[in-house]
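Chemist: Need the 3D shape of this:
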Amino acid sequence: MQPIKFQCSSCGQSLEAPHDMAGSNVECPKCKKSLLVPHAAQGQSAAKAIAVTAICVTALALLLSCLALIQSRQIRYVPVAGSDPTLASRLNELQTAVAALQQKSNASVKPNLSAVEDRLSKVERQVALQDAAIQQASNAAASVEWLTQQFLDLSSRNSRQAMKLIEIEGKVGRQETCSLDPTQPGPFGTIFTSCGMFFVSLKNVEPYLNGVKVHVEIGNPMMSSYNGATLNVTYGPPFDGKRMFEDGYYDQYQKSLAKTSVRISDRLEAGRWNTTTFVLAPIDPRNFGTLELGMTTDNLTLRVPYQKEQ
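Modeler: As a prediction, this is how the structure comes out:
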């Protein structure tokens, strides 16, 4: 296939480019301006229009030059003795005809030349506008591609956040942890584990060395007993609801919390409250306002049905 031929809209430099570069940007080697390579039909039509107009302008300029040369070298016939008077008359008629032709050409060719030049200028402006439109279309296509990628990235993030929200809602619905108020013993909450549901109630909190001693009751409402368990404890200062919308307060509160694991060796009997005690340190008893409990257990005991001896 023939290469795409086009001209620089700034300096008029003739350029060529392969067909696979149509619609891409190149740099003019002469004036260094960034140009958009037109498609084959656009580049050829614009180049042909400019070439035809340039040929017309050149031909008209050549005709004017010839007429000017004739004017500067007008034939002056001087009769001599014995010359033919008819020849002198014909020469004078020819000179008059040339002068009339020159006047006619000056009256008609020059306006036509001006019209051609105006037409050429309009064609060049149209080509420049076409190049600008193609450049804008290329920029718009790049913008659409960028927006599409941003939309896909946003959709992916929204999908991940939706999955995380479903996971969080599942955990909240199952209540894998229970929050107790250290300043208000008595009320109980529920904890769901992989083995079943348990009740947790805060019985008492008292200062102990550089921390606090916590007494809790774990209720086992099921028919099976559990041979020990592990409490996952998060504790720290109280949460100030008045500051919850302050910038950075929630992150600061989360960093102030401590976490620990407490092993319960006592048997959690079926269908009853089971008391256990553990120590949390270091913490100032006066600043102890957050207590969150989670629990794991995997060793259970079931009653064996009574069998009458034969």
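Chemist: Spatially nearest residue to residue 183 (excluding sequence neighbours)?
Modeler: Nearest residue to residue 183, sequence neighbours excluded (Cβ to Cβ, 6 or more residues apart in numbering): residue 289, at 6.9 Å. Just so you know, the C-beta spots here come from the backbone N, C-alpha and C atoms, and that holds for glycine as well.
Chemist: and residue 214, that's in a helix?
Modeler: No: according to DSSP: H, G, I helix; E, B strand; the rest coil, the state of residue 214 is strand, so it is not within a helix.
Chemist: how deep is it tucked in, by neighbour count?
Modeler: The local packing of residue 214 (other Cβ atoms under 10 Å) involves 26 other residues.
Chemist: contacting residues for it?
Modeler: Residue 214 sits next to 182, 202, 204, 205, 277, 278, 279, 280, 291 when contact means Cβ atoms under 8 Å, 6 or more residues apart in numbering.
Chemist: All the helices of the stretch 1-150 of the chain, residue numbers only.
Modeler: 40-72, 85-174 (DSSP state H, counting those that start in this stretch).
Chemist: If you average pLDDT over each of these, which is lowest?
Modeler: Least confident of these, judged by mean pLDDT, is helix 40-72 with a mean of 63.
Chemist: what residues are up against residue 198?
Modeler: 190, 191, 218, 219, 220, 221, 268, 295.
Chemist: Confirm it sits in a helix?
Modeler: No: under the criterion used here (three-state DSSP), residue 198 is strand, not part of a helix.
Chemist: sorry, back to before: from the contacts of residue 214, list just the buried residues.
Modeler: 182, 202, 205, 278, 280, 291 (16 or more other Cβ atoms under 10 Å).
Chemist: Check what pLDDT the closest residue to residue 34 other than its chain neighbours gets.
Modeler: Once flanking residues are discounted, residue 34 sits nearest to residue 25: 5.4 Å by Cβ to Cβ, 6+ apart. Per-residue pLDDT puts residue 25 at 88.
Chemist: Dump stretch 276-288 to CSV, keeping only the CA atoms.
Modeler: Taking Å, rounded to 0.1, in the frame of the first residue of the first chain, the C-alpha atoms of stretch 276-288 are listed here in CSV:
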residue,chain,number,x,y,z
THR,A,276,-13.8,-17.5,85.7
THR,A,277,-11.3,-14.8,86.7
PHE,A,278,-8.4,-13.2,84.8
VAL,A,279,-6.0,-10.2,85.2
LEU,A,280,-5.5,-7.4,82.7
ALA,A,281,-2.3,-5.3,82.9
PRO,A,282,-1.0,-2.8,82.6
ILE,A,283,-4.0,-0.4,82.8
ASP,A,284,-5.1,2.3,85.2
PRO,A,285,-8.4,1.1,86.9
ARG,A,286,-9.7,4.6,86.7
ASN,A,287,-9.2,4.6,82.9
PHE,A,288,-10.6,1.1,82.3
